[in-house]
Structures are given as C-alpha cells and as structure tokens.
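1. Mind looking at a prediction? Sequence and model below.
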Amino acid sequence: MESRLLDILVCPLCKGRLEHDRQQAELVCRADRLAFPLRDGIPVMLESEARALDETPAAN
C-alpha cells in the first residue's frame, strides 16, 4: 500500500490513525481494536467487514 494513501486514510469510526499490517493484509485501528481488510490492494473500510483484534484472522 502506498504511504501517501496510508497518510490520508483514517478509521471510519474514530477518525484515528491506521497502521498497515502487511503480513495480515489489514489496516489496523488500535483505538477501536479493529482490523479492516485489504482486498486486491483496496482497503475495505466498512465496520461490518472489520474484525476485532481479539479474533484470530480467518483462514482463506
């Protein structure tokens, strides 16, 4: 993911900073403890698509 895009994107819930987890292909909001998936390099910034950080990642 381009760093310029990461600088612009914020969490849709709290408007906080997101971290890129390359290994899991997710954007992580530490404040809300949510991880938003990246699908084909496109962030899916929907709360219904996010997983709680307490959950383990789904196996594909």
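-> Received it, and whenever you're ready, just let me know what you need. Numbering: from 1, shown residues only.

2. mind listing the strands for this protein?
-> Taking DSSP state E as the criterion, the chain contains strands spanning 19-21, 26-29, 34-39, 42-43, 51-52.

3. and these as TSV, adding distance to residue 7 and mean pLDDT?
-> Heads up, the C-betas are built off the backbone N, CA and C, glycines and all. Formatted as TSV, the entries for the strands of the chain read as follows, by distance: least, CB to CB, whole Å; pLDDT from 0 to 100:
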stretch	distance to residue 7	mean pLDDT
strand 19-21	11	94
strand 26-29	12	96
strand 34-39	16	96
strand 42-43	13	92
strand 51-52	24	96
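
4. would you list those strands in JSON lines and tack on mean neighbour count?
-> As requested, those are exported to JSON lines (neighbours: other CB atoms under 10 Å):
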{"stretch": "strand 19-21", "mean neighbour count": "14"}
{"stretch": "strand 26-29", "mean neighbour count": "22"}
{"stretch": "strand 34-39", "mean neighbour count": "18"}
{"stretch": "strand 42-43", "mean neighbour count": "14"}
{"stretch": "strand 51-52", "mean neighbour count": "12"}
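
5. For the ones you listed, could you give me JSON lines that also reports distance to residue 12?
-> Listed next are the strands of the chain as JSON lines, based on distance: least, CB to CB, whole Å:
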{"stretch": "strand 19-21", "distance to residue 12": "15"}
{"stretch": "strand 26-29", "distance to residue 12": "9"}
{"stretch": "strand 34-39", "distance to residue 12": "8"}
{"stretch": "strand 42-43", "distance to residue 12": "10"}
{"stretch": "strand 51-52", "distance to residue 12": "15"}
